[in-house]
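Chemist: following is a predicted model, sequence given first.
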Amino acid sequence: MNEKTEYEKFEDIYRVFFEMSNDSITVFKLDENKDITNFVYANPATAKWTGFSQEEILNSSPKDIIAPHLFEQTYAFIETIIREGFLTYEMEIVSKNGEILPVEFSSSLVEIAGEFYILTSGREIAERVEARREKEESMKEKTLLLDILTHDLRNYISVLWSCVSQSLENEDVTIEQLKESIGKAKASLAKTDALLDDISVLMKKDIEFTYELRSVNVLSSIHKCIVNLEDMFPLKEILIDNERVNPKHNIFADMLFEQLIFNILTNSVKNTPSKIVRIDIKTEEKPGNKIVISISDFGSGILPEKRKKIFERYGEFRKRGSGSGLGLFIIQTLIERYSGQVWIENTIKGDYSKGTTFKLELQKAETEMFEFA
């Protein structure tokens, strides 16, 4: 029996490498017009990825598995490979079950006996593509966050500038006018402070919260929010009834719980067109060691069909181009952190236009209240 030539030995070695490779390795031929023809080789990994048998692959061409929207781009890649001899690029292929697979290909032009072939190795990059998409989305959100911050801060600074200018430039300013300007300036500063709190919450969410949940007293948090609320809306008469909040009700939360309550109260004030704003707050215990906090206003209400999307990030800002739109998203962000639930009901049963009630279901804490500095 004749011994194998050196060429045949190397051929066997490379075939073993190709057959055992976890990467897809294929070879397809170019016709006399340098156009794509059928595959002449496909290793087992290619069949495993795509779901097609090796026989099915050899009876097809790259055009049969490339995502249709990338056909034109594929021909551009082929031209580059013919011209440069080598190319690494990203592509999408369609598996037998119709799934789109993102793949990184490295292709080389090979000439054998005057005929041209393209040898291609491919590697799935679904995780890399997903990571890139997440990074791009994160960059979009950070850009929007910066837009929101700049937009709202400019508005608040404009109010401050106007108040200071009027007070300094008007020589005949009265004490009453001066008090009014100072009141507006104070409200603008309160809004700025609230906006920065919202930004802080989102930034902490991106870098992960690093502190543990502790027992927080609901009524104490509400009292602290009321003071800030009055500073923010000096022209409103805000009447908050919290007599039905059990002073012994504690929930598992953290120092940001006040921001959650404050954002709901702020939303209630903004959506009450009259000067007098009435808000009712109560707590009640539910099975499963839960506390439900109900915050009801009597403002303009929220359409039922809009309630599912109302907690999406920056929804109001995208829609109207004004106002930060962060408040409701902050509520959802913190509720998720506390492993709770939030939903919206009508204040007056059967009539959404007579007010909105926010319901917060949180885990009851039996330990003593922890006071945040």
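Modeler: Great, that's in hand. Numbers count the residues shown, from 1 in each chain.
Chemist: following the chain past the lowest-mean-pLDDT helix or strand in the chain, name the next helix or strand.
Modeler: The weakest-scoring helix or strand in the chain, judged by mean pLDDT, DSSP states H and E, is helix 315-320 (a mean of 46). Going down the chain from helix 315-320, the next helix or strand is helix 327-337, by DSSP states H and E.
Chemist: next secondary structure element downstream of that next one?
Modeler: Sequence order places strand 341-348 as the next helix or strand after helix 327-337, per DSSP H and E.
Chemist: tell me the confidence at the closest residue to Ser300 other than its chain neighbours?
Modeler: Once flanking residues are discounted, Ser300 sits nearest to Asn271: 5.2 Å by CB to CB, 6 or more residues apart in numbering. (Each C-beta comes from the backbone N, C-alpha and C, glycine too.) As predicted, Asn271 sits at a pLDDT of 87.
Chemist: Asn271: neighbouring residues, count only.
Modeler: Residues lying near Asn271 (other CB atoms under 10 Å) number 16.
Chemist: all further residue positions should be reported with the first residue as 46.
Modeler: Understood, numbering begins at 46; the last thing we discussed is Asn316.
Chemist: hey, where'd the strands end up in the stretch 96-245 of the chain?
Modeler: Remark: strands assigned in the stretch 96-245 of the chain by DSSP state E, counting those that start in this stretch are 131-139, 145-157, 160-169.
Chemist: quick one on the thing from earlier: could you pull up the residues touching the residue nearest to Ser345?
Modeler: Asp342, Gly344, Ser345, Gly346, Ile347, Thr401 (CB atoms under 8 Å, 6 or more residues apart in numbering).
Chemist: re earlier: can you say which of the strands of the stretch 96-245 of the chain is nearest to Glu329?
Modeler: Distance to Glu329, taken as CB to CB, is lowest for strand 145-157 among the strands of the stretch 96-245 of the chain, at 49.3 Å.
Chemist: so what strands line up beside that closest one?
Modeler: Strand pairing for strand 145-157, determined by DSSP bridges: strand 131-139 (antiparallel), strand 160-169 (antiparallel).
Chemist: just say which of the ones you listed is most tucked in.
Modeler: strand 160-169 (a mean of 18; mean count of other CB atoms under 10 Å).
Chemist: would you mind checking the average pLDDT for that strand?
Modeler: 91.
Chemist: cool, and stretch 336-349?
Modeler: Average pLDDT, stretch 336-349: 91.
Chemist: with stretch 180-187 instead?
Modeler: 68.
Chemist: JSON lines for the strands of the stretch 96-245 of the chain, including distance to Ile102?
Modeler: Output for the strands of the stretch 96-245 of the chain, formatted as JSON lines (distance: least, CB to CB, whole Å):
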{"stretch": "strand 131-139", "distance to Ile102": "11"}
{"stretch": "strand 145-157", "distance to Ile102": "14"}
{"stretch": "strand 160-169", "distance to Ile102": "12"}
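Chemist: was I right to think Ile126 contacts Leu154?
Modeler: Yes - shown here, Ile126 and Leu154 form a contact pair, counting by CB atoms under 8 Å, at 5.4 Å.
Chemist: between those two, which is the more surrounded one?
Modeler: Ile126 (22 against 18).
Chemist: how many neighbours does Ala92 have?
Modeler: 17.
Chemist: ok, for it, nearest residue in space, not its chain neighbours?
Modeler: Nearest to Ala92 is Gln99, by CB to CB, 6+ apart, at 5.0 Å.
Chemist: ok, the one you found - contacts?
Modeler: Contacts of Gln99 by CB under 8 Å, 6+ apart are Ala87, Pro89, Thr91, Ala92.
Chemist: narrow those residues to those in helices?
Modeler: Pro89, Thr91, Ala92 (DSSP state H).
Chemist: tabulate the residues you listed (TSV), appending distance to Glu77 and pLDDT.
Modeler: Below are the ones in helices among the contacts of Gln99 laid out as TSV (distance: CB to CB, whole Å; pLDDT from 0 to 100):
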residue	distance to Glu77	pLDDT
Pro89	31	91
Thr91	26	91
Ala92	29	91
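Chemist: redo these as CSV? Include distance to Leu284.
Modeler: Output for the ones in helices among the contacts of Gln99, formatted as CSV (distance: CB to CB, whole Å):
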residue, distance to Leu284
Pro89, 74
Thr91, 71
Ala92, 72
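Chemist: closest to Ala239 out of these?
Modeler: For the ones in helices among the contacts of Gln99, the nearest to Ala239 is Thr91 (57.2 Å; CB to CB).
Chemist: wait, isn't that closest one in contact with Ile70?
Modeler: Yes - look at Thr91 against Ile70 with CB under 8 Å: they come within range, at 6.9 Å.
Chemist: so which of these two has more stuff around it?
Modeler: Higher neighbour count among Thr91 and Ile70: Thr91, with 23 against 18, using other CB under 10 Å.
Chemist: re earlier: give me the common contacts of Ile126 and Leu154.
Modeler: With CB under 8 Å, 6+ apart, Ile126 and Leu154 have common neighbours Ile163.
Chemist: re earlier: who touches both of Thr91 and Ile70?
Modeler: Joint contacts of Thr91 and Ile70 (CB under 8 Å, 6+ apart) are Gly167.
Chemist: who's Ser341 bridged to?
Modeler: Bridge pairing for Ser341 - DSSP bridges - gives Asp325, Thr402.
Chemist: surely it is in contact with Lys394?
Modeler: No - between Ser341 and Lys394 there is no contact under CB under 8 Å: 11.6 Å.
Chemist: which of the two has more neighbours?
Modeler: Neighbour totals were compared for Ser341 and Lys394, and Ser341 leads with 20 against 7 (other CB under 10 Å).
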